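[1] here is a sequence together with a model predicted from it:
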Amino acid sequence: MIIDRYIARSVILGFLLSALVLLSIFVFIDFISQLEDVGKGDYGVLQAAVYVLLGLPQRLYMLSPSILLLGGILSLGALAANSELIVMRSSGISTVRITRSVLQTGLIIALLVAVIGEYIVPAATSMAKSYRAEAIEKKLIFAGMNNVWMRDGNRYINVKQILPDNVLHQIYVYELNDKRELSTIIYADKAQYQDEEWVLHDIKRSDITETGVTVAFEKLMRLKQLVILELFSVIELTSQDMSAQDLLNYSQYLEDNHLDDDEYMLEFWIKVFTPLTCLAMLLIAMPVVFATTPRSGGIGQRIVLGILIGVVYYVINRVINHLGLALNITPVLSASMPLLMLIAVSFYLMKRVN
């Protein structure tokens, strides 16, 4: 339908404009915060700019509900201010029909945001942290998309996945002899730093000599040095940087080891509900849009209102999330409660508009 395409174009343009404005502000703030590290090692202005740009997917994902809210208020508010929504409603198109068209477009954007959060954010964030660490520490050889290379004297370490709390998965250790020839290859399925040493599990060790290769299997191996902890701390992903699948896997690992997994399950459910939060933000923008008339004020007022709603929701959301952790509330409940409140307020305001 022509109306659907017209509304969809307005919502998409509003989203892109809001994303450009908000991301530009945060890019500037992030870049300024990196300037204090410029000059350390090989970390210069160009490296700081690359690091900030690699962090853009994370910023877009975190700000997506607020971007959709502000974009909806601006774009659809402009239609209302120009009396276009009034004409639509006078032509027999109900507020429910208009809202449905808006939410259809919002659903597509929300799904794209979910894909960014699941696949692009972890890879880009890992690459950004590794790139920064390599420039400052000068100890990291290569890193990107959960594939990190490090050097420790004649030992080269390749880690396929780094998780919080000093946990590594799929580790390859290549050792060279004094002639710089490969002498030993060690593979471990998992490693964790405990009691000032690295504990490796499910090991396959291959010793290479002039007479051939000797292979041995071990359940456990302890190494005093594997990954430098100072370097580890700057390249590991936090719970907010991890994909939903990684959060679920790591939570299962914590549960299997009788450790507290509430923080990671909470972040998992937040990621699950983020697309719905984007839609709820668009929904709560609709009463504001329908209340807009050519005499109700300019674009400045709508921008202030959108930012105010976004800030209030962010504060309430974080407070409920942290209270949930402190009071041992089920993560799915503390993650969904702000969303349910937002939806309830949206429906209440929509009923008043109708």
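    Sure, I can see it.
[2] got the domain ranges for the protein?
    The record's domain parsing of the chain by automatic domain parsing lists 2-137+264-353, 140-227.
[3] and the longest one, what's its mean pLDDT?
    The average pLDDT within domain 2-137+264-353 is 87.
[4] cool, and the shortest one?
    Averaged over domain 140-227, pLDDT sits at 82.
[5] where does Gly44 fall, phi/psi-wise?
    phi -110, psi -170 (degrees, to the nearest 10).
[6] residues contacting it?
    Val38, Ala135 (CB atoms under 8 Å, 6 or more residues apart in numbering). The way it works is simple: take the backbone N, C-alpha and C, and place the C-beta from them, glycine included.
[7] do a quick rundown of the strands in this structure.
    140-143, 148-152, 155-163, 167-176, 182-194, 197-209, 212-223 (DSSP state E).
[8] could I get these as a markdown table with distance to Ala8 and mean neighbour count?
    As requested, these are arranged in a markdown table below (distance: least, CB to CB, whole Å; neighbours: other CB atoms under 10 Å):
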| stretch | distance to Ala8 | mean neighbour count |
| --- | --- | --- |
| strand 140-143 | 40 | 17 |
| strand 148-152 | 42 | 19 |
| strand 155-163 | 39 | 19 |
| strand 167-176 | 42 | 18 |
| strand 182-194 | 47 | 17 |
| strand 197-209 | 52 | 16 |
| strand 212-223 | 57 | 11 |
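[9] looking at those, which is closest to Leu279?
    strand 155-163 (30.9 Å; CB to CB).
[10] how much space separates the nearest residue to Tyr313 once chain neighbours are set aside from Ile309?
    Spatial nearest neighbour of Tyr313, chain neighbours left out: Leu342 (6.4 Å); criterion: CB to CB, 6 or more residues apart in numbering. For Leu342, the distance to Ile309 equals 10 Å [CB to CB, to the nearest Å].
[11] name the residues contacting each of those two.
    Ile284.
[12] coming back round to it: can you put the strands of the chain in CSV and add distance to Asp246?
    Listed next are those as CSV, based on distance: least, CB to CB, whole Å:
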stretch, distance to Asp246
strand 140-143, 16
strand 148-152, 15
strand 155-163, 7
strand 167-176, 10
strand 182-194, 14
strand 197-209, 19
strand 212-223, 25
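[13] can you tell me how far the residue in the chain sticking out farthest from the centre sits from Glu175?
    Most distant from the centre of the chain: Thr211, at 50.3 Å, with distances by CA atoms, centre = their mean. Thr211 is 18 Å from Glu175, where distance means CB to CB.
[14] number of nearby residues for Met337?
    Residues lying near Met337 (other CB atoms under 10 Å) number 17.
[15] I meant Arg97, not that one.
    Residues within reach of Arg97, counting by other CB under 10 Å, total 16.
[16] when you give positions from now on, start the count at 24
    Renumbered: residue one is now 24, and that last one reads Arg120.
[17] what comes up buried for the longest helix along the chain?
    Determined from DSSP state H, the single longest helix within the chain is helix 25-57. Buried positions in helix 25-57, judged by neighbour count with 16 or more other CB atoms under 10 Å: 30-31, 33-35, 37-38, 41-42, 45-46, 49-50, 53, 57.
[18] and that helix, what does it pack onto?
    helix 68-77, helix 79-104, helix 118-138 (3 or more CB pairs under 8 Å, 6 or more residues apart in numbering; DSSP states H and E).
[19] between it and helix 118-138, how many degrees?
    40 degrees (axes from the mean of the first three to the mean of the last three CA atoms, to 10 degrees).
[20] what angle sits between helix 25-57 and helix 79-104?
    140 degrees.
[21] quick revisit: give me the phi and psi for the residue farthest from the centre of the chain.
    Note on Thr234: its backbone torsions stand at phi -90, psi -10 [degrees, to the nearest 10].
[22] can you give me phi and psi for the closest residue to Thr148 other than its chain neighbours?
    Of all residues not flanking Thr148 in the chain, Asp264 sits nearest, at 4.3 Å (CB to CB, 6+ apart). In this entry, Asp264 is assigned phi and psi values of phi -90, psi -20 (degrees, to the nearest 10).
[23] counting neighbours, what do you get for Asp264?
    23.
[24] test my guess that it contacts Gln81.
    Yes: with contact taken as CB atoms under 8 Å, Asp264 and Gln81 are classed as touching, separated by 6.8 Å.
[25] for those two, list the residues in contact with both.
    Val144, Thr148.
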